[in-house]
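>>> fold the stuff below for me.
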Amino acid sequence: MAQDRSKNDNKANAGAPSAESDEAPAFAQRVEEFAHALQVERNASPHTIRNYTMDLHDFGRWAKRSKTDALSPTHRQLRRYLANLDAAQYSRSTVNRRLSSLRSFFRWQILAGYAQSNPADALCSIKKDKTLPHRIRPEEMAAILKVWGPLDENGKVREQTPEMMRNQALLEFLYACGARISEASGLLAENVDFEEMQVRVLGKGNKERIIPIHRMALESMRSYLDFGRKRLLREEKPNPYFFVSPRGGQWGTDAIRKTFRQTLQRAGVSAPYTPHDMRHTFASDILEGGADLRSVQEMLGHSSLSTTQIYTHLSMGKMKEVHRQAHPRG
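Residues are numbered from 1 along each chain as shown. All right, here's what the predicted structure looks like:
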């Protein structure tokens, strides 16, 4: 498989209108109905709905170009569409996501009475290459956590702006509990319990979970809450969210990603890490520190233990070193 084009694909399709001019109007309208059903019946997140509709609009455009009925294609036509994606060098993850979106769409058509069968059920997902999550190295993490902190690179106290306090609180929060950036963006101020040293986050599928958080992270979050956040908020516009933007609104995920990229640049870290890698690093570090897999699963909000088990591979190097040092024949 050639290089991953999912990022370019997302950029090209982001913000696509609900009714595309280069796809059949009837199909575009049906996609709008599906998106509405996702929101109302499944309470899907805006991110999930955006991905589904983006994938379906892409299929609709291909269907019109290839003279395929997008509302009732055959499984052979769907296979040809997926083969077209593969030939265009899209990643296996992107192809599988497109197939998953089509499966969900045609399954909904059956439930809504628009169709009697799901042509996507006859297709199998492409086997993906096994990849391990990116783990931020300790020295890089230390540099990242110093960028916006109360001490400068020389260890001297510096005057933090409200944005710096917020940025520091976010980084400490992500590394302290392994939250997703969508969970950080949606974190409510009332759900940060400083006395019990825990936070309540709303994860995928609107499932709530409580995660313990250590004192150092809470200190940064408290400083931001008491000083930085009050200065960012506008009195005439109350905001229930913990992390807020310079305009006093909710701090969105795109803005968080942009701030994280700025953080890497200021920290002198050249690796293309993302905020999600803070989550991976959190999971790997606490597993190495002795946490059991079930507890890590609960903290990360994974529905399946097999999803959490991938982090045991990241700790294999450490385990080999411990084995070498401890075994009599090491």
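>>> use CA for all of it now, contacts and neighbours both
Will do.
>>> residue nearest the centroid of the chain?
Taking C-alpha atoms, centre = their mean, the centroid of the chain lies closest to Arg180, which sits 5.8 Å from it.
>>> enumerate every residue touching that residue.
174, 203, 275-276, 279 (C-alpha atoms under 8 Å, 6 or more residues apart in numbering).
>>> repeat that with 10 Å
174, 186, 201-204, 253, 275-280, 300-301 (C-alpha atoms under 10 Å, 6 or more residues apart in numbering).
>>> which one of the residues you listed is nearest His134?
Asp277 (5.8 Å; C-alpha to C-alpha).
>>> so how far is the helix or strand containing that closest one from its chain's centroid?
Using DSSP states H and E, Asp277 sits in helix 275-288. In terms of C-alpha atoms, centre = their mean, to the nearest Å, the centre of helix 275-288 is found 14 Å from the chain centre.
>>> what do you get for stretch 158-177?
On C-alpha atoms, centre = their mean, the centre of stretch 158-177 falls 20 Å from the chain's centre.
>>> likewise for stretch 69-88?
28 Å.
>>> same thing with stretch 265-276?
16 Å.
>>> tell me the pLDDT at the residue nearest to the centre of the chain?
Looking at Arg180, its pLDDT stands at 94.
>>> circling back: just checking, what packs against the helix holding Asp277?
helix 138-144, helix 162-177, helix 181-185, helix 253-267, helix 293-300, helix 305-308, helix 310-314, helix 316-326 (3 or more C-alpha pairs under 10 Å, 6 or more residues apart in numbering; DSSP states H and E).
>>> what pLDDT, on average, does the shortest one get?
Read it as helix 305-308. For helix 305-308, the mean confidence score works out to 80.
>>> the fourth one too?
Per-residue pLDDT values across helix 253-267 average out to 96.
>>> in it, what counts as buried?
253, 256, 260-261, 263-264, 267 (16 or more other C-alpha atoms under 10 Å).
>>> of all those residues, which two lie farthest apart?
Of all the pairs that those form, the one spanning the most space (C-alpha to C-alpha) is Thr253 and Ala267, at 20.8 Å.
>>> burial measure for Leu305, as a count.
Neighbourhood size, Leu305 [other C-alpha atoms under 10 Å]: 14.
>>> circling back to that earlier point, top of the contacts of Arg180 by neighbour count?
Neighbour counts for these (other C-alpha under 10 Å) peak at Met278, which has 26 neighbours.
>>> pLDDT score for that residue?
For Met278, the model assigns a pLDDT of 95.
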